[in-house]
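give me the fold of what follows.
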Amino acid sequence: MSIGAIDTSRIEAMVAQLKAAQARATPAADTPVQARAAGAVDFSSALKSSLDQVNQVQLQSQQLAQRFEMGDATVSLSDAMISLQKSSIALQQTVQVRNKLVAAYQEIMNMGV
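Okay, the predicted model is just below:
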């Protein structure tokens, strides 16, 4: 546990995780459309999976913060704060996706046929 200085290895690990998530989310430009369609996932299952993942992140951060509050020596303040920020960002992202989906739905419903 380092109180006086920030552990840069954890920040670098988080950046690496974000880059890996971006690589998984962005299909390669030279991938044929048929190959992308063959690996396509049902929208509802992808949405449920994303919501479950956000829920899991929030539960983990809540447990970590609770352990820190109870005086667990294995949990540092920086770990608890980073975890809480990650869960906050995940929730904000989910809300923004929901807002975009609602806006797209409203736009489609207002289209003239």
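
what about M70, distance to K86?
Using Cβ to Cβ, to the nearest Å, we find M70 at a distance of 21 Å from K86. The way it works is simple: take the backbone N, C-alpha and C, and place the C-beta from them, glycine included.

looking only at neighbour counts, state which of the two leads.
K86 (16 against 8; other Cβ atoms under 10 Å).

what sits closest to the more buried one if chain neighbours are left out?
Residue nearest to K86 in three dimensions, not counting chain neighbours: V57, with 6.1 Å by Cβ to Cβ, 6 or more residues apart in numbering.

what do you get for T74?
R67 (7.7 Å).

who does the helix or strand where the one you found lies touch, helix- and strand-wise?
Element membership for R67, per DSSP states H and E: helix 43-69. Helices and strands in packing contact with helix 43-69 are listed as helix 77-109; criterion 3 or more Cβ pairs under 8 Å, 6 or more residues apart in numbering; DSSP states H and E.

now do the helix it packs on: distance to the chain's middle.
8 Å (Cα atoms, centre = their mean, to the nearest Å).
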